[in-house]
Structure formats: structure tokens, C-alpha cells
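**Student:** Here's a sequence, model it:
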Amino acid sequence: MRTLADLCTFGRVLIAFAIVLFSVNGGLSVNTLAGLYFFGWLLDNLDGYFARRSGQNGRLAKLDPLADTLLIISGVVLSAYRLHVYSPKFVVGFVAFWLIAVVITHNQAVWMLFSFAGLVLAFNAAWQEQHSIAVFAAFWALGTAVIKRRALMNQIDQFLSSIKSAL
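**Tutor:** The predicted structure is shown next:
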């Protein structure tokens, strides 16, 4: 099971790079890229499931936040280059500001806040340009929140405690 968790983490990294590559250079349809994006998030859910079933973290568990970050960034890049909702300069600025803020603060809440903002940016672009994808994304997010409500509540608690410790 631990090996499956590692494969899911590694798969998310590969998917994120593929989305960025094909968003910038073309070659795949927007729907295919959106499907890859949601498959990446499905792998995120499976990664946690397999890690919990094995009773130990996978060898690549430390890369999990990086895989999440890359997947979020790939959604914003897709929004800029294929949906044309944001300019590429905005995407570069957003990512640069995110990385600088996280490196300077070393605060989990800062990382989580930018992660949430990136997800909202990608969802907003899908809502504006590919309404059917956005509706699918909303149902997927709602289903994930219901299924993983305990993990979601833990993340909210972690976010709030990080903010309190930063103040």
C-alpha cells in the first residue's frame, strides 16, 4: 500500500508538469487537460487512502505538499494559457509572491491561504470559460469535502492555529 501511495504522489507531480507543458505549448484540448487536473486530485485522495491503509507514510510523503502546490499552479497556468482568463504575467507574479511569502514566513497558514487562492483562481476561470467543467468541479469538491470531512476539519483547525501562532 505504501508503494501505491508513492506512485500516487509521483503521478501528481508528473500530471502537474504535463498540464503546464500542454497548457503553454498546446497539443491537448482544454477538456483533456481539465480531466488530467481532476485525475491529479483523485490521486491526492488515493495517496492519503493508501498511506492510511498501510499504517505508515510513503517514502515520498514529504513531497505531498510540493505535489499539491504544483497541481494548484498547473490549474492557474491552464487558466492563463488555455482559458485566457489571467495573463501569464499575473500567473508568474502570483507564483513568485506565493513562494516568497512561504519562504519568508515558514508559516503553514500562508501556504494554505495561497493554495486556496490558487484553487479559487482555477475554479473562477473554469466557471467563466468552461461552465460544464466548473459544475463538475463543484460537485467533485463537494463530494470530496463530504467524504473527507474529518481531514477537512483538521486542515481548518491547522490553518486557524497557524494564524493564531503567527499573530
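
**Student:** which secondary structure element contains the most centrally placed residue in the chain?
**Tutor:** Geometric centre of the chain, nearest residue: Ile72, 3.4 Å, by C-alpha atoms, centre = their mean. Using DSSP states H and E, Ile72 maps to helix 64-81.

**Student:** other SSEs contacting that helix?
**Tutor:** The contact analysis (3 or more C-beta pairs under 8 Å, 6 or more residues apart in numbering; DSSP states H and E) places helix 64-81 against helix 2-25, helix 30-54, helix 88-105, helix 108-129. From N, CA and C alone the C-beta is placed, and that goes for glycine too.

**Student:** And Gly26, how far from Ala125?
**Tutor:** 17 Å (C-beta to C-beta, to the nearest Å).

**Student:** coming back round to it: contacting residues around the closest residue to the residue nearest to the centre of the chain other than its chain neighbours?
**Tutor:** Spatial nearest neighbour of Ile72, excluding adjacent residues (C-beta to C-beta, 6 or more residues apart in numbering): Gly118 at 4.0 Å. Residues counted as contacts of Gly118 (C-beta atoms under 8 Å, 6 or more residues apart in numbering) are 72-73, 75-76, 94, 98.

**Student:** Can you say which two of those are spatially most distant?
**Tutor:** Gly75 and Trp98 (13.2 Å; C-beta to C-beta).

**Student:** quick one: which of the two has more around it?
**Tutor:** Using other C-beta atoms under 10 Å, the more surrounded residue of Gly75 and Trp98 is Gly75, with 27 against 21.

**Student:** Can you read off the pLDDT for the residue lying closest to that one once chain neighbours are set aside?
**Tutor:** Sequence neighbours aside, Ala122 is the residue nearest to Gly75 in space, at 3.3 Å (criterion: C-beta to C-beta, 6+ apart). pLDDT for Ala122: 88.

**Student:** Could you give the number of residues near Leu71?
**Tutor:** The burial count for Leu71: 25, using other C-beta under 10 Å.

**Student:** oh sorry, the question was meant for Val110
**Tutor:** 19.

**Student:** related to what we said a few turns ago, thought the residue nearest to Gly75 was touching Val76?
**Tutor:** Yes - between Ala122 and Val76 there is a contact under C-beta atoms under 8 Å: 5.6 Å.

**Student:** Can you tell me the closest non-neighbouring residue to Gln158?
**Tutor:** The shortest distance from Gln158 to any non-neighbouring residue, by C-beta to C-beta, 6+ apart, is to Gln108 (6.3 Å).
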